[in-house]
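Peer 1: attaching a predicted model along with its sequence, questions to come.
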Amino acid sequence: MNSIRISGGLLKGKKIDFDFRDNLRPTTNKLKEILFNWIQFDITDNYICLDLFAGTGSMGVEAISRGASKVFFIELNKKHYQNIKKNISKLDLQDNAKLVFRDSFSWIQKNDLSKFDLIIIDPPFEKGFEEKILKQILKKNELKKSCKIYIEYSKFVDLEIPKTVNVIKEKKLGDVRALLIEI
């Protein structure tokens, strides 16, 4: 069992456990720091996040640690789902977390996205999910104007960003690119 440290906020230094053999690619602490520095002044008491393809759950847990009132974790892999559930319980985050065992694409199709302040898109690399899920989100046309979308993807992928969105911030770190966009 491996672990990732929470890099900031109320839970700073606490660990999120995960099984490194499950082909997970957890977001590095450096990238989490970058994202939360980008949005630190946006987080308010009623800040709600959506963590798609949640994996280890570290991005959503980091959001709670840094002040988000609620995070919806969407994860389809049963082992990852169970692990996120265990970490939510271990860190006593049940009141701030909604964990859903479902495919991110079908969850988006069936749910209202207008309450979210931040949507985190960090799918498995090399599958083309980033562009597909972003298009699906934008097609629903129900995001609040202040909603930000964070996308993490391989630097070897040419991600097509629709002209209707504004790239606020961009960072390359190793083999990973990170974008923060808004509509």
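Peer 2: Thanks, I have it.

Peer 1: what residues sit buried inside stretch 134-154?
Peer 2: Leu134, Ile137, Leu138, Leu143, Cys147, Lys148, Ile149, Tyr150, Ile151, Glu152, Tyr153 (16 or more other Cβ atoms under 10 Å). For glycine as for every other residue, the C-beta is placed from the backbone atoms N, C-alpha and C.

Peer 1: please enumerate the strands of the protein.
Peer 2: 2-5, 15-18, 48-52, 70-75, 97-101, 118-121, 148-154, 166-173, 176-182 (DSSP state E).

Peer 1: now these in TSV, with mean pLDDT and distance to Met59?
Peer 2: Below are the strands of the chain laid out as TSV (pLDDT from 0 to 100; distance: least, Cβ to Cβ, whole Å):
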stretch	mean pLDDT	distance to Met59
strand 2-5	86	10
strand 15-18	88	10
strand 48-52	97	5
strand 70-75	98	9
strand 97-101	98	12
strand 118-121	96	5
strand 148-154	94	8
strand 166-173	94	15
strand 176-182	93	11
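
Peer 1: can you redo those strands as a markdown table with distance to Phe129?
Peer 2: Below are the strands of the chain laid out as a markdown table (distance: least, Cβ to Cβ, whole Å):
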| stretch | distance to Phe129 |
| --- | --- |
| strand 2-5 | 21 |
| strand 15-18 | 20 |
| strand 48-52 | 9 |
| strand 70-75 | 12 |
| strand 97-101 | 17 |
| strand 118-121 | 8 |
| strand 148-154 | 9 |
| strand 166-173 | 19 |
| strand 176-182 | 14 |
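
Peer 1: out of the ones you listed, the one nearest Val61 is which?
Peer 2: Among these, the nearest to Val61 by Cβ to Cβ is strand 15-18 (5.8 Å).

Peer 1: and the strands of the chain: which comes nearest Leu91?
Peer 2: strand 15-18 (7.8 Å).

Peer 1: OK, contacts around Phe101?
Peer 2: Glu75, Leu76, Lys78, Tyr81 (Cβ atoms under 8 Å, 6 or more residues apart in numbering).

Peer 1: just the buried residues out of those, in PyMOL syntax.
Peer 2: Entered in PyMOL, the line below selects the buried ones among the contacts of Phe101, by 16+ other Cβ under 10 Å:
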select buried, resi 75+76+81
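
Peer 1: of all the contacts of Phe101, which comes closest to Leu173?
Peer 2: Glu75 (23.8 Å).
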